[in-house]
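Enquirer: just coords:
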Ligand code: ADP
């Protein structure tokens, strides 16, 4: 489903994020105070504008409150990152994703309303270390274009039924690969057909995007 995103700060992190979101079919508004970067990205995203995100007036016309998420990808200048996040929050953004360069920076951003914080260097270092430790672990399924792993709260019609009864694999082409039980909190990996779905469970499904969309729709 096509979503609308704004990315503020088109340095390395913001630049690649904006272009990737655009490649994934989303509408992306790129924002930076640096004219050169805005010109550079202009042809790769839906819209790119020059604006100083520390100035609330400069952001006001951009309808950030309508975006599915606003990414604040300003990192190195702490003051700018904080003011930009504050402004985006004040404008009523629904979901703010922010980049931080240190733990205290991340804590500040969370306090002023960022919903998700990324620490690019740290996150990448941990992923790279994991890969060195066990190269067979996959982070994602790059070969499965058009497939996703999603979480689904079971709809009412699923409750009390076994996975065999639900038969999602034959009805929708979707496989239940894991179930998170909440009381007590526990992950059941590769559940068997005898698993009885409870109200409080969360299902992890693997399947084609279209099949997952169908399943969500009919189960609503
Ligand atoms: P990276 O490490 O991902 O390159 P930087 O923090 O170095 O991240 O780059 C951040 C980008 O954010 C730069 O392109 C810079 O021009 C932009 N930027 C910084 N402050 C503002 C601001 N107040 N308004 C808009 N863009 C900004």
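Expert: Ah, there it is. All values reported here derive from a predicted model rather than from experimental measurement. Residues are numbered from 1 along each chain as shown.
Enquirer: all strands for this structure, in order.
Expert: For the chain, the strands defined by DSSP state E occupy 4-8, 27-32, 47-50, 69-72, 96-99, 116-118, 147-152, 175-181, 186-189, 202-208.
Enquirer: pick the most deeply packed of the ones you listed.
Expert: Of all the strands of the chain, strand 69-72 carries the top mean neighbour count, a mean of 27, counting by mean count of other C-beta atoms under 10 Å. (Glycine included, C-beta is placed from N, CA and C.)
Enquirer: now do the helices in this structure.
Expert: 12-23, 35-41, 56-60, 78-90, 103-111, 120-133, 163-166, 168-171, 209-219 (DSSP state H).
Enquirer: buried deepest among those, which one?
Expert: Across the helices of the chain, averaging neighbours per residue (mean count of other C-beta under 10 Å) puts helix 78-90 on top, at a mean of 20.
Enquirer: any residues touching that helix, and which ones?
Expert: Applying C-beta atoms under 8 Å, 6 or more residues apart in numbering, the contact partners of helix 78-90 are 8-9, 53-56, 59, 64, 70, 72, 74-75, 96, 98-101, 105, 108-109, 112-114.
Enquirer: that older thread, make a markdown table out of the strands of the chain and add mean pLDDT.
Expert: Formatted as a markdown table, the strands of the chain follow (pLDDT from 0 to 100):
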| stretch | mean pLDDT |
| --- | --- |
| strand 4-8 | 98 |
| strand 27-32 | 98 |
| strand 47-50 | 98 |
| strand 69-72 | 98 |
| strand 96-99 | 98 |
| strand 116-118 | 96 |
| strand 147-152 | 88 |
| strand 175-181 | 96 |
| strand 186-189 | 95 |
| strand 202-208 | 94 |
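Enquirer: and the residue of this structure that's closest to the ligand?
Expert: residue 11 (2.3 Å; C-beta to the nearest ligand atom).
Enquirer: residues touching the worst-scoring helix or strand of the chain on mean pLDDT, excluding its own?
Expert: Lowest on mean pLDDT, DSSP states H and E among the helices and strands of the chain sits helix 209-219, with a mean of 85. Outside helix 209-219, the residues that touch it by C-beta under 8 Å, 6+ apart are 1, 146-148, 150, 152, 155, 157-158, 168, 172-174, 205, 207.
Enquirer: that helix vs strand 147-152, what angle?
Expert: Calculated by axes from the mean of the first three to the mean of the last three C-alpha atoms, to 10 degrees, helix 209-219 forms an angle of 20 degrees with strand 147-152.
Enquirer: now helix 209-219: how far from the chain's centre is it?
Expert: Distance, stretch centre to chain centre, for helix 209-219: 19 Å (C-alpha atoms, centre = their mean, to the nearest Å).
Enquirer: just the angle between that helix and strand 202-208, please?
Expert: 130 degrees.
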